[in-house]
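Colleague: quick one, structure for this:
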Amino acid sequence: FVERRWLYKCDDVLQDIANFWVNLENILEHLRHRTGHVEPLITAAAKSANIEKLLLQRMRQYFAMWKQILRMCEAMVAEAMKMRESLYGFLRGGNTSAALRGGNTPAALN
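Modeller: Have a look, this model is predicted:
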């Protein structure tokens, strides 16, 4: 039964990865649509101080959003890089001791 729990855990992790990509795709699509709203602000900002303030506010929001996207992607990549060596070692039939130390095996779920 330990192996079954481990497989369920693997399934959960793969579902989390799939959710990450779906969420990232949704965020990027939303940003793409909002970009069209910013372009008129850029043109109008030269004519109005209030619109210029609104433009600068929007630009700060975009900057903050991209920083969050960057952090989210960096965290996902860092986690994948930690596991990559042991996973590829296993696939090549090599030493899997790195995976064993990480607790990512059925025995670790006892």
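Colleague: what about the helices in the chain?
Modeller: Shown for the chain, the helices assigned by DSSP state H span residues 2-45, 49-91, 97-101.
Colleague: tabulate these (TSV), appending mean neighbour count and mean pLDDT.
Modeller: (Glycine included, C-beta is placed from N, CA and C.) Converted to TSV, these look like this (neighbours: other C-beta atoms under 10 Å; pLDDT from 0 to 100):
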stretch	mean neighbour count	mean pLDDT
helix 2-45	12	85
helix 49-91	12	86
helix 97-101	14	47
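Colleague: relative to Trp6, how far out is Leu56?
Modeller: Separation of Leu56 from Trp6 (C-beta to C-beta, to the nearest Å): 51 Å.
Colleague: skipping adjacent residues, who's closest to Trp76 in space?
Modeller: I think there's a mix-up here, since residue 76 is Met and not Trp. Leaving aside its sequence neighbours, Met76 sits nearest to Phe20 (C-beta to C-beta, 6 or more residues apart in numbering; 5.8 Å).
Colleague: please apply the same query to Ile51.
Modeller: Ala44 (4.6 Å).
Colleague: same check, this time on Leu31
Modeller: The spatially closest residue to Leu31, leaving aside those adjacent along the chain, is Met65, at 6.8 Å (C-beta to C-beta, 6+ apart).
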